[in-house]
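**Student:** let me see the structure of the following:
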Amino acid sequence: METPPPLKPLHSEASLSNAKLTKLAQLPDEEILRSLQPGSKDCLKAREDGTLLDGHHRIYILRQRGINVDTLPREIIPGATASEPSNS
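**Tutor:** Numbering: from 1, shown residues only. Alright, predicted model coming up:
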C-alpha cells in the first residue's frame, strides 16, 4: 500500500471555529480517530495531494496532541474544488 501524501489544510487556522475546537478537545483521541475512519458519516476526506476537505477541526486537535495524522486512512475526492468542503 502506497503511503498517502501528508495532510495539508485547505483553510487557515484562523478560520477554525473556537467553539468546535473546544467541544472536540473534550473527546478522547480514540473517538476522534474513529470519527475520521472511511465509511463513517463525516470521515476524513482529502484531495489526492493531501489537501483536507473534511476533518479540519479534528485533524487540528489530533496534531495539537502530537498524533501523526498524515498516515490516517482517508476518502480521496478526485477533482474536488474549494467550494465543496464541509470544514468540519
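**Student:** so which residue is dead centre in this structure?
**Tutor:** When Cα atoms, centre = their mean is applied to the chain, the residue found nearest the centroid is residue 55 (2.9 Å).
**Student:** contacting residues for that residue?
**Tutor:** Residues in contact with residue 55 (Cβ atoms under 8 Å, 6 or more residues apart in numbering) are 36, 42-46, 74, 88. Using the backbone N, CA and C atoms, a C-beta is placed for each residue, glycine as well.
**Student:** go through those and flag which are in helices.
**Tutor:** If you go by DSSP state H, the contacts of residue 55 have residue 36 in helices.
**Student:** any chance of TSV for the contacts of residue 55, columns distance to residue 19 and pLDDT?
**Tutor:** Output for these, formatted as TSV (distance: Cβ to Cβ, whole Å; pLDDT from 0 to 100):
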residue	distance to residue 19	pLDDT
36	20	98
42	17	93
43	22	97
44	21	98
45	22	96
46	24	96
74	25	96
88	13	52
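**Student:** show the buried residues in the contacts of residue 55.
**Tutor:** Buried members of the contacts of residue 55, counted by 16 or more other Cβ atoms under 10 Å: 36, 43-46, 74, 88.
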